[in-house]
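Student: Sequence and predicted model, in that order:
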Amino acid sequence: MENLAEIRDLKVEATTDSGRRVEIIKGVSLDVAPGEMVALIGESGSGKTTIALTLLGHARTGCRISGGSVRVAGKDMVALTERERASVRGTSVSYVPQSAAASFNPAKRIIDQVIEVTRIHRLMPPDEARQKAVELFRALSLPDPEHIGSRYPHQVSGGQLQRLAAAMALIGDPKLVIFDEPTTALDVTTQIEVLRAFKSVMKKGGIAGVYVSHDLAVVAQIADRIVVLRGGEVQEVGTTADILSRAEHPYTRELLAAFEPKRRVDDDAAAQERKPLLEVSGLLAGYGPVQPDGLPMVRAVQEASLRVEKGRNLGIIGESGCGKSTLARAIAGILPASAGRLVFDGQELPRSARSRTRDQLRELQIVFQYADTALNPAKSIEDIIGRPLNFYHGMKGKARDIRIDQLLDMVKLPKALRHRRPAELSGGQKQRVNFARALAAEPKLILCDEITSALDTVVAAAVIDLLKELQRELSLSYIFISHDLSVVEAICDEIVVMYDGRKVEEITPAQLKTPKHPYSKLLFSSVPKLDPSWLDSLQLDKELVREYGHR
Amino acid sequence: MSTYIVNLVTVRLLIAALTLLIVSFAVFFATAMLPGDTATILLGQAATPEAVAGLRTAMHLDEPALVRFLHWLSGLLSGDLGTSYVNNVAVADLIGGRFVNTMRLAGITTLISVPLALTLGITAAMFQGSLYDRIVTIFTIGVISIPEFVVATSAVLVFSVYLKWLPALSIASDVTSIWQILKIYAMPVISLTFVVSAQMIRMTRAAVIDTINTPYVETALLKGASRPRMVLRHALPNAVGPIVNAVALSLSYLVGGVIIVETIFNYPGIAKLMVDGVSTRDLPLIQSCAMIFCFGYLTLITLADIVAILANPRLR
Amino acid sequence: MTPSSTLSQKFGYSFNWIGMIGLSIILFWATIALIAPHIVPHPVGEIVDEDYFGPMSNELWLGSDYLGRDMLSRVLMGARYTVGISLAAVSIACFCGVVLGMTAAVVGGWFDTVLSRVLDAMNSIPSKLSGLVVVAAVGSSISVLVVTLAVIYTPGAYRFARALAVNINTMDFITVARTRGEGIFYMIGSEILPNIIGPILADLGIRFVFVVLLLSGLSFLGLGVQPPYADWGALVHENVGGLPFGAPAVIVPSLAIASLTISVNLLIDNLPKKIRDRSA
């Protein structure tokens, strides 16, 4: 059978700040058969999105297709004129963007944007197009398919927008649809619905797809074949089953290995009476003007009580908007709580960081999700790590230099990095510096707010390993906040599940298979597994999804 | 949602009123900083102490500054602009007809420059990086960088001195035909249009390019939309707010421009009146003219803000 | 990457030729402003030509003015006033604006609200108008001009610096420094300033152009620099009578202003860029 799309020896160049040209795609070849779903998987910077966009004949600003051919339905997208390319886009090949929220024009009604393809290419009269759009909405199991189109993008939830973006891509009856990380920005409970909708529509229409993702488990559910990319080159190609069970390339194995959480082994699980390090009781925190009852208008966290023991770790898990980050900020005193008590190491802790003593501030450090914004881009690594040494411990000159080297060593960074600036480091390195700064204070407890979420799987796994190792050496405690169950599972002794600002359940990793609270059940069962049959065999309680799913 | 918009608009209006109050305060006290005694200056060094004291009482100069400010402000609000120090004529009478002249000049300039600048700004953004775009950009940087009087004197050099098409001065004595009117207004309007349009083109272009670089315009491109469609249908509706702001801010350059242009072409408007007032230190006249300009400027800016609020689809 | 030994590569910056032209013209006028008294061919007040509005000649390179004085000498000396007054005013304006702006962003609360409201109101008085009002009230000695121009452009500098500082202030590293217990001087000087200094300097350049334009405009109206001193705007003002003859006395100072302001704009649009991908 003839291939629908054939990429041969594709090369893409990017122009850097200084006007130098760098090859970012280095001779990639791949095929997509009619009706086949091919996944492009790789880390950030692997070139997966760049390759996918060339199937539409598009290269982002600063990039240029410099060699090779991209044949889609018999036409070479590279050789076509701009006008010819425009005639193919939306009809032969179409695009589902990563963030539908940003990709819908905020000034126009959804339906007008969905049927715009038929208008541009004069495919059918507007009424017929609207009819067809409503059918697609129904097929994608969108609520109220008749009227959802008459809303504006900001009036619709993220999961719905993502499906509406798929409808927009499908209305021109394309032979090939490019999905660019379409579920990355969604919560797990929402992701399932969207994935199911995509899968069934594509299967029914016999449409071929290219699915760009960094998440092997998601890809396992939807792809027929997987292409593993790294540094603009193909590492391995195989059917989904082959890649998952018989991966040959070491990089693919690394990706797979990062998926298997290594449970933390508590050294003396004998559990002699542990001393509490932090006790939080009845915490209430939020935003907005203070109401007559002395509490804030928007209560992001209510009635939160938790306990961290010395040398042990607490995980806080929940989806976006559940209040987990607000809880972290309230504990750190950045957003002072409106009610509740904080007891740290036997001492009452003031709610606001401003009224805490320097020692109290030192002993409780917080590490943020985005190392990019957590590190001052204008300072050298040495200055960043050195400041707490000087500020808390009065270290200067030689003593400070020695300590900086030790700290870099502890987070496994080469000493040569100390004169660099954050922008010259990779994402994983930046997060290590971020962590080293917290360590420099010599804290007892470190609050980790989604610190691995912005990292690639393999890098994140390495950071988690480092955290475990440091804990053994320094007898630290962590509060680990994340939306990612596998991360929390890997490092925590206790796990708190949060929903809608409240703690719904507290369990240990051993009990993860048998959560009691219905929301925990839904959340845990929604995490994709590497097993390709997981999505199809998954039975979710409709009632639960209706009650807790954000969609 | 609509009550939310009403609230936003009300807040804008209140802020404008507060700003006007602060501005009038600033204008009044800047002119009240005059070193030396106003009465002595007005009557000259030879005046008798009794005459000076009499004038002081008549002008309320012996009252505290704050009281005088309130006097002046309530006068302004009731339409009493005070009396000129120089020739004892009511300021309102001095301003009267000249105000209409200035408004006419500003109006004609606006009518020409807004469509011109929007067209150039939007098309330059549409074909960003092309030769056309580069020429427009270089031209606007050039005009923005030079003072208004250089633009105006260059216009005189070209059109009056070398080409001899137009008169250098706007002497409105023998207006008999449309051609004559055209000749009178041509030079001031050409000069002002240059000054105002350059700003407007630059800001409009920047606003449109900002919206072109958004994911939803890329999505439109990937749906097969042509470049004009991308810009006109997708970028432009979202750039209305910034563009209206650009227009308002640029029109405020009219104030600066009008001061220079009226002086150069001897055009009988309030800006010329004010510049003459500065030479003779006619404070009541200066205060009133300054307040008129500030009021005009604030009205424009507030109007632009309100249009931007109404044009924001997220608030609908 | 091929090893390269060009100057720009060595310092890790790339600088295009348009920016370099702009920079050289600025340096040229700065040098003139410094050494003008030593290089003028004739004393600025001396009448050297019997004719007025004389054309360019071998003796008088730029012709003579409305009194028959040497234009070249007057333009060279004019650079002192135009560049000197503007630079002094813009430095004061930016210093005050930036310090207030950063403080407002870090302190927040009512301090920020009141300061922003008042300075925004000041900003809504068109600059030329403020100039006229102040000159009418207190006259136009050089020191008054410097202070007036500085006051007029402080709110703009404040607004710009505050907007930048507010953006930085939302960054996590600021939160980290706050929860570390750092004081306000450290926050402003060490965490915020280094991150906004680039745009601030560019803004200083743009504001310098505004000041030059306003100063020239006031002088052109006869309300700026007063005789016997003359900046470029005042030179145009006193020689505007030569306009109908196209005399160099009115054209040259206009060109001088344009060359300075256009150069600053060109330099700012083409500032040296740091090469970030050296090791890539």
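Tutor: Yep, that arrived. What you see is a predicted model, and the numbers here were worked out from it, not measured in a lab. Numbers count the residues shown, from 1 in each chain, chains lettered A, B, ... in the order given.
Student: Can you tell me which residue of the stretch 301-450 of chain A sits closest to chain C?
Tutor: residue A:378 (3.5 Å; Cβ to the nearest Cβ). Heads up, the C-betas are built off the backbone N, CA and C, glycines and all.
Student: close to chain C, is stretch B:94-108?
Tutor: No: on the criterion Cβ under 8 Å from any Cβ of the partner chain, stretch B:94-108 is out of touch with chain C, staying 12.9 Å away.
Student: So which residues make contact with that stretch?
Tutor: B:81, B:84, B:185, B:188-189, B:192, B:254, B:258, B:261-262, B:267-273, B:285, B:288-289, B:292 (Cβ atoms under 8 Å, 6 or more residues apart in numbering or on different chains).
Student: Please spell out the PyMOL selection for the buried subset of those residues.
Tutor: Filtering those down to the buried ones (16 or more other Cβ atoms under 10 Å in any protein chain shown) takes a single PyMOL command:
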select buried, chain B and resi 81+84+185+188+189+192+254+258+261+262+267+269+270+271+272+273+285+288+289+292
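Student: Show me the contacts of stretch B:94-108 that map onto helices.
Tutor: B:185, B:188-189, B:192, B:254, B:258, B:261-262, B:270-273, B:285, B:288-289, B:292 (DSSP state H).
Student: Any regions of chain A where pLDDT drops low?
Tutor: Filtered on pLDDT under 70, chain A yields the residue ranges A:1, A:17-18, A:261-273, A:541-542, A:546, A:549-551.
Student: what residues does it put near chain B?
Tutor: Proximity of chain A to chain B is confined to A:56, A:58, A:60-61, A:83, A:86-91, A:94-95, A:97, A:99, A:102-108, A:116-117, A:120-121, A:152, A:154, A:168 under the rule Cβ under 8 Å from any Cβ.
Student: how about a cut-off of 7 Å?
Tutor: Residues of chain A lying near chain B by Cβ under 7 Å from any Cβ of the partner chain: A:56, A:58, A:86-87, A:89-91, A:95, A:97, A:99, A:102-107, A:116-117, A:120-121, A:152, A:154.
Student: same check, this time on the stretch 101-250 of chain C
Tutor: Residues of the stretch 101-250 of chain C found near chain B (Cβ under 7 Å from any Cβ) are C:117-118, C:120-122, C:124-129, C:132-138, C:209, C:213, C:216-217, C:220-221, C:223, C:236, C:243-244, C:246, C:250.
Student: Keep only those of these that are in helices.
Tutor: Per DSSP H, helices hold the following members of those: C:117-118, C:120-122, C:127-129, C:132-138, C:209, C:213, C:216-217, C:220, C:236, C:250.
Student: Buried only: go through those residues for me.
Tutor: Using 16+ other Cβ under 10 Å, the buried ones in those are C:118, C:120-122, C:127-129, C:132-138, C:209, C:213, C:216-217, C:220, C:236, C:250.
Student: show me where the stretch 51-200 of chain C has helices.
Tutor: All helices of the stretch 51-200 of chain C, identified by DSSP state H, counting those that start in this stretch, fall at C:71-107, C:109-123, C:127-138, C:142-169, C:172-180, C:184-186, C:193-220.
Student: can you tell if the first one touches chain A?
Tutor: This points to helix C:71-107. No: if you take Cβ under 7 Å from any Cβ as the test, helix C:71-107 misses chain A, and the best it gets is 12.9 Å.
Student: give me the number of residues near residue A:144?
Tutor: By other Cβ atoms under 10 Å in any protein chain shown, the residues close to residue A:144 number 11.
Student: what's the answer for residue A:223, then?
Tutor: Residue crowding around residue A:223 was assessed by other Cβ under 10 Å; the count is 24.
Student: In three-state terms, how would the nearest residue to it once chain neighbours are set aside be classified?
Tutor: The shortest distance from residue A:223 to any non-neighbouring residue, by Cβ to Cβ, 6 or more residues apart in numbering or on different chains, is to residue A:39 (3.6 Å). Under DSSP: H, G, I helix; E, B strand; the rest coil, residue A:39 falls in the strand class.
Student: residues contacting residue A:39?
Tutor: Applying Cβ atoms under 7 Å, 6 or more residues apart in numbering or on different chains, one finds that residue A:39 lies in contact with A:211, A:213, A:219, A:223, A:226, A:227.
Student: and the third one, that one's in a helix?
Tutor: Yes: assessed with three-state DSSP, residue A:219 lies in a helix.
Student: Quick check: it touching residue A:226?
Tutor: Yes: in this structure residue A:219 lies within contact range of residue A:226 using Cβ atoms under 7 Å: 6.1 Å.
Student: Are there residues contacting both of the two? Which ones?
Tutor: Counting by Cβ under 7 Å, 6+ apart, the residues touching both residue A:219 and residue A:226 are A:39, A:41.
Student: Show me which of the ones in helices among the contacts of stretch B:94-108 is closest to residue B:133.
Tutor: Closest to residue B:133 out of the ones in helices among the contacts of stretch B:94-108 is residue B:192 (24.8 Å), distances taken as Cβ to Cβ.
Student: Just the pLDDT at that closest one, thanks.
Tutor: pLDDT for residue B:192: 90.
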